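Engineer: I'd like to go over a predicted model; first the sequence, then the structure.
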Amino acid sequence: MPSFAVETPHGRYAALVERGSLAAVAQHLPQNRGKVFVVSTEDVWRHQGAALERGLAGVEHEIIHLPGGEDRKRLAPLEAAAEEMVRRGGDRTSVVLAFGGGIVTDMGGFLAAIFMRGIPVVHAPTTLLAQVDAAIGGKTGVNLRTGKNLVGAFHQPLAVVIDPATLETLPEREYRAGLYEIVKAGVIRDAELFRFLADHSPEVLAREPAAVDRIIAAAVRMKTEVVSADERESGLRRILNLGHTFGHALEAETGYTRFLHGEAVAFGMRAAAYLAENSGYLSAEDAVDILDALRLYGPIPPLDGIRAEDLLARLVHDKKTVRGAVHFVLPVRIGEAQVASGIDDRLALDAIRTALS
Ligand code: GLY
């Protein structure tokens, strides 16, 4: 069973990738604990709740539903959830079990970070994107109207229990959105994973277990290594933001309702590939390979009506902006990325325009 360790100054935990692991999720809860609060959405619960209930047999727990959707990833539902936890007997010994996609692990993790000044959280992610990215690394938070994830905390989980069997009920669009994040993992740090994705798209798109488990394990390995090297994103971890600067701008500009996060990241990777090529960071050949891989797992929804100038203006509000300077994560070859600053706005605007066209 592939298990990858995350080692940070704030704790060591495992990200476990195993089919059927939900059945043993209780093993990952602390021994000495109070009530377990399962934080999920109604939709996830309808499809996967029974599997989790089997894993929690004999464990006293309560279910708290959050609203789904990136546009509802806000502070208000967290306040309501915390009130509900108190009403149902939550205290400092309680534990959050975040069961759902990236919105649930971000919000459930943040709820755990602030409830009674901090209680433990275990993540059991049920979307591909959450399994390979959102649930690992301790980033938690919610959106503001002005930008994505602008309020939050680092709060590392006790464990991340990844059961690829949960993907069987995942809608196609959500599945592809997660695949874009795995393409990102390949582009920034794992050329072998990138080649596998380029050469085996039929098996990956058909969700053949061997292919799915392989790409999840590779992406999880990459993420755990990067977070272990740089928990607080002061150095290496910044490469995980490939496509995110442009992607966050796209999400904010369209009110968080038109694109899934992974789709926005795919758009952002397209823009980053153009920008990297135009500014001399990336060869034309590698840029074409990245664009082709994104196409293989696409298409992303239509981009009509979005103005490049408006996206550029949004980049400066992103929290990746440092003292007013926009930093771009750019691929320099397949399997390697770096942070670039001082890129001329006109080049960035051209790249956005090309990515939108
Ligand atoms: N999703 C980017 C990170 O975890 O740093």
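Structural biologist: Arrived safely, thanks for sending.

Engineer: can we go C-alpha only for contacts and neighbour counts from here?
Structural biologist: Fine.

Engineer: middle-most residue in this structure, spatially?
Structural biologist: residue 134 (3.1 Å; C-alpha atoms, centre = their mean).

Engineer: ok, how many other residues are close to the closest residue to it other than its chain neighbours?
Structural biologist: Nearest non-adjacent residue to residue 134, counting by C-alpha to C-alpha, 6 or more residues apart in numbering: residue 102, 5.2 Å away. By the criterion of other C-alpha atoms under 10 Å, residue 102 has 24 neighbours.

Engineer: would you confirm that residue 102 contacts residue 136?
Structural biologist: No - between residue 102 and residue 136 no contact is recorded; they are 10.0 Å apart, counting by C-alpha atoms under 8 Å.

Engineer: give the residues shared as contacts by these two.
Structural biologist: Taking C-alpha atoms under 8 Å, 6 or more residues apart in numbering as the contact rule, residue 102 and residue 136 both touch residue 130.

Engineer: which residues touch residue 107?
Structural biologist: Taking C-alpha under 8 Å, 6+ apart, we find residue 107 in contact with 73, 78, 140-142.

Engineer: what about those, which are in strands?
Structural biologist: 140-142 (DSSP state E).

Engineer: quick check, nearest of those residues to the ligand?
Structural biologist: The nearest member of those to the ligand, counting by C-alpha to the nearest ligand atom, is residue 140 at 9.2 Å.

Engineer: which non-adjacent residue is nearest the closest one?
Structural biologist: Using C-alpha to C-alpha, 6+ apart, the closest residue to residue 140 is residue 106 (4.3 Å).

Engineer: which SS class is the one you found?
Structural biologist: Classification of residue 106 by DSSP: H, G, I helix; E, B strand; the rest coil places it in helix.

Engineer: these two touch, right, it and residue 142?
Structural biologist: Yes - when contacts are counted by C-alpha under 8 Å, residue 106 is listed as touching residue 142 (7.1 Å).

Engineer: quick one, which of these two is more surrounded?
Structural biologist: residue 106 (26 against 23).

Engineer: stretch 111-125: which residues count as buried?
Structural biologist: Within stretch 111-125, the residues scored as buried using 16 or more other C-alpha atoms under 10 Å are 111-113, 115, 118-125.

Engineer: quick one: what helix or strand has residue 252 in it?
Structural biologist: helix 244-253 (DSSP states H and E).

Engineer: hmm, who's touching that helix?
Structural biologist: 145-148, 257-259, 261, 264-269, 271-272, 310-312, 314-315, 318, 320, 328, 352.

Engineer: quick one: contacts for the residue in the chain that the ligand sits nearest to?
Structural biologist: Closest residue of the chain to the ligand, C-alpha to the nearest ligand atom: residue 240 (5.0 Å). Contacts for residue 240 (C-alpha under 8 Å, 6+ apart) come out as 184-185, 188.

Engineer: so where do the helices sit in this protein?
Structural biologist: Secondary structure of the chain (DSSP state H): helices at 42-55, 75-87, 102-114, 128-129, 172-189, 191-199, 201-205, 209-229, 244-253, 261-278, 284-296, 308-315, 345-356.

Engineer: gap between the residue nearest to residue 134 and residue 338?
Structural biologist: In this view, residue 102 and residue 338 are 25 Å apart by C-alpha to C-alpha, to the nearest Å.

Engineer: got the residues of the chain near the ligand?
Structural biologist: Residues of the chain lying close to the ligand (C-alpha under 6 Å from any ligand atom) are 133-134, 137, 237, 240-241.

Engineer: export the residues you listed to TSV and tack on pLDDT?
Structural biologist: Written out in TSV, the entries for the residues of the chain next to the ligand read as follows (pLDDT from 0 to 100):
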residue	pLDDT
133	97
134	97
137	97
237	96
240	97
241	95
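
Engineer: list just the nearest of the residues you listed to residue 224.
Structural biologist: Nearest to residue 224 among those is residue 137, at 7.2 Å by C-alpha to C-alpha.

Engineer: give me phi/psi at that closest one?
Structural biologist: phi 110, psi 0 (degrees, to the nearest 10).

Engineer: what number of residues lie near it?
Structural biologist: Neighbour count of residue 137, defined by other C-alpha under 10 Å: 27.

Engineer: related to what we said a few turns ago, let me have the ones in strands among the contacts of residue 107 in JSON lines, adding pLDDT as columns.
Structural biologist: Below are the ones in strands among the contacts of residue 107 laid out as JSON lines (pLDDT from 0 to 100):
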{"residue": "140", "pLDDT": "98"}
{"residue": "141", "pLDDT": "98"}
{"residue": "142", "pLDDT": "97"}
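
Engineer: please produce TSV containing those residues, extended by distance to residue 55.
Structural biologist: Output for the ones in strands among the contacts of residue 107, formatted as TSV (distance: C-alpha to C-alpha, whole Å):
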residue	distance to residue 55
140	25
141	27
142	28
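
Engineer: my read: residue 178 touches residue 128, true?
Structural biologist: Yes - the pair residue 178 / residue 128 is scored as a contact, 4.7 Å apart, by C-alpha under 8 Å.
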